[in-house]
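Chemist: Okay, structure incoming, though there's no sequence with it:
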């Protein structure tokens, strides 16, 4: 809203962050009564105020009955996640009765039953719903408006490939359901529960007890090999395999043979450039304060190095936005420049129905750190293509690495908050993105 048209008492208001339903925060005992919040404003111990309309001191309040559990204190992910397996899976506002569930799409994978459902719905509505059409194995070309539910019971119809964040399982007369962190219900037999794995973890190179230091190499290929280079030889000799995502401390020495670059490791072999990537951070910003934390992101090498001043602290690989020089609709490159983290969210939903590769929706994307418009660093549990371009523009990290950075960068997230915005007194960490 234009602040010049806001009430005088709202012109100096700054939104500091947000709380998620069910989370608890410490407040001061006094309540500030004002006309814009008849219930009274509670002053948070961590700073700021929250209107009493949205909070309670009664931990047994009925409104909290469907509150999601708090984010997991340990592990790479704040919640469990599920992959929707069927076009048209209904996302219910409450567990349906058996008769209400009826012949809903996806209840049975039987083709005859689905065809019968299509005919009945087409007869009733005059057209076949998008989720009963044959899309030839491709994503349906639909918008979020077209996904809206056809009744008060169904909030929306999901596209196969959507992810939901799972809170708890519920048994009802119509079967088993997962309640999502947003308070909806999805049939359990339509969900593949994600099993978290950590294939690669970044290295805290700045710690005294960590022997691995920069520069580092990261093996990315499925068929990577060790190479030996003898003095005066025109070509290297190939030896043992190097497992994918092996982290290799390097000497800094590089040679080119047969138009391929090779990097010497501290383990007495060489890594070929086609088989991996290496850290190559740029210089510190000229106005950097002594000991100031900042992050260097190299799009060419798909690596990230976090610094305190000129001291490297943490290094890992990433996936940035895919670029396409010939088709602008498919060009999702991550912008270069110097930015600051504007806000952090333990999780937030990311979706788009205008992407060139089709509609997508991922509830509660973990460890989100926005640094420029809709661009953010965040965890990505739905792929493992780290070290290569993969995203729609954001910086994808393994959930493990994203959580590590989330806790390291500013602004600091107060205890019990779900999101926080940077301010002058709680600034965001600088992020430098370059080729």
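Modeler: Done, it's in. Every value quoted in this text rests on a predicted model; they were computed, and no experiment measured them.

Chemist: can you pull the contacts of residue 271?
Modeler: For residue 271, the set of contacting residues under the criterion of Cβ atoms under 8 Å, 6 or more residues apart in numbering consists of 217, 219, 224, 226-227, 242, 248, 250, 262-263, 265, 278. Where you see a C-beta, it was placed from the backbone N, CA and C, and this is true even at glycine.

Chemist: could you redo the last one with a cut-off of 7 Å?
Modeler: Contact criterion Cβ atoms under 7 Å, 6 or more residues apart in numbering gives 217, 219, 248, 262-263, 265 as the residues in contact with residue 271.

Chemist: Within the helices and strands, which one has residue 361?
Modeler: With elements delineated by DSSP states H and E, residue 361 resides in strand 360-372, which encompasses its position.

Chemist: Moving C-terminal from that strand, which element do we reach first?
Modeler: Remark: after strand 360-372, the chain's next helix or strand is strand 375-379, criterion DSSP H and E.

Chemist: quick one: contacts of that next one?
Modeler: Contacts of strand 375-379 from elsewhere in the structure, counted by Cβ under 7 Å, 6+ apart, are 334-335, 365-371, 393-399, 402-403, 405.

Chemist: what mean pLDDT does that strand have?
Modeler: For strand 375-379, mean pLDDT is 98.

Chemist: do the same with stretch 176-192
Modeler: The predicted model gives stretch 176-192 an average pLDDT of 97.

Chemist: Now do it: distance from first to last residue.
Modeler: Using Cα to Cα, to the nearest Å, one end of stretch 176-192 lies 13 Å from the other.

Chemist: Got a PyMOL select line for the buried ones in the contacts of strand 375-379?
Modeler: This is the PyMOL syntax for the buried subset of the contacts of strand 375-379, where burial follows 16 or more other Cβ atoms under 10 Å:
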select buried, resi 334+365+366+367+368+369+370+371+393+394+395+396+397+398+399+402+403+405
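
Chemist: circling back to that earlier point, quick one, which of the contacts of residue 271 are buried?
Modeler: Burial by neighbour count, 16+ other Cβ under 10 Å: within these this picks out 217, 219, 248, 262-263, 265.

Chemist: Would you point out the most distant pair within these?
Modeler: Longest distance between any two of the buried ones among the contacts of residue 271 is 13.3 Å, between 219 and 262; criterion Cβ to Cβ.

Chemist: still on that earlier bit, now do the strand holding residue 361: everything it contacts.
Modeler: When contacts are defined by Cβ under 7 Å, 6+ apart, strand 360-372 is touched by residues 77-79, 161-165, 180-182, 335, 339-345, 347-352, 376-379, 382, 399, 402-403, 406, 409, 431.

Chemist: returning to that earlier point: need the contacts of residue 271 in TSV (columns: distance to residue 52 and secondary structure).
Modeler: Conversion of those to TSV gives the following (distance: Cβ to Cβ, whole Å; DSSP: H, G, I helix; E, B strand; the rest coil):
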residue	distance to residue 52	secondary structure
217	55	strand
219	55	strand
248	56	strand
262	65	strand
263	60	strand
265	60	strand
